[in-house]
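[1] missing the sequence, but the structure's below:
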């Protein structure tokens, strides 16, 4: 029960790493405010968590009003905010010469602006408490350039490099105020990011991904949730500004 009676906000909670994190946090005693655009998926997670422990906010987390509502709902329902998990994000694959301005703006808004907005509205509550933990979802893509199927993930990589720098900047800024800010940097994690791909394309993608990890396999969302739990809990009381690699050895090559 490492999060007993703590109040945690989790974005992107309807699927993948966010869903695994919400489930694990609930088992560890947290009270939760979960956010996603996918209302049916969010409702399913909330049903698993239980109405006494969970609240949901459906909306576009790249909009300030949604971030504001998240913080307000947590305080109204549970009286405080102890943990913020910035998980919401999408993948993107296209060369810079082909990417449109609208695609750039959408990716930056969902993957990076959402983190800024959630931190903006949560940190004031943590400052009043003189304590809090924020965990951002970065990536191995925070550190390296990558290509897939002959196209670049440059724009996605930029958002994840931004998540890493946001983590470090907020960590040093608010360390004296009792707020810890860290990020998890996953390798290839088998989520449903390939929503429009065929089953054969999905299987081939994950086979290729597994070959890039010295451990010879991809990770699972539950493994990333365990790393997030560590950083969010008091077990990590002297850890801040840390990019925690959970990548099966990918960046060690």
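    Arrived safely, thanks for sending. Computed from a predicted model, the values in this text were never measured in an experiment. Numbers count the residues shown, from 1 in each chain.

[2] mind checking which residue lies nearest the centre of this structure?
    In the chain, the centroid-proximal residue (Cα atoms, centre = their mean) is residue 87; its distance is 1.8 Å.

[3] would you report the backbone torsion angles of that residue?
    Torsion angles at residue 87 (phi, psi; degrees, to the nearest 10) stand at phi -110, psi -20.

[4] surely it meets residue 19?
    No: taking Cβ atoms under 8 Å as the definition, residue 87 is not a contact partner of residue 19, at 9.2 Å. In this view, the C-beta of every residue, glycine as well, is placed from N, C-alpha and C.

[5] can you list residues touching both of these two?
    Listed as contacting both residue 87 and residue 19 by Cβ atoms under 8 Å, 6 or more residues apart in numbering are residue 13.

[6] one step back: list the contacts of the residue nearest to the centre of the chain.
    Residue 87 neighbours (Cβ under 8 Å, 6+ apart): 10-13, 16-18, 21, 137.

[7] try it again at 7 Å.
    10-12, 17-18, 21, 137 (Cβ atoms under 7 Å, 6 or more residues apart in numbering).

[8] helices - which of those residues land there?
    Taking DSSP state H, the ones among the contacts of residue 87 that sit in helices are 17-18, 21.

[9] top of these by neighbour count?
    Highest neighbour count within the ones in helices among the contacts of residue 87, by other Cβ atoms under 10 Å: residue 21, with 32 neighbours.

[10] how far away is the residue nearest to it when sequence neighbours are not counted from residue 30?
    Spatially, and ignoring its direct neighbours in sequence, residue 21 is nearest to residue 225 (4.4 Å; Cβ to Cβ, 6 or more residues apart in numbering). As judged by Cβ to Cβ, to the nearest Å, residue 225 and residue 30 stand 12 Å apart.

[11] lovely, talk soon.
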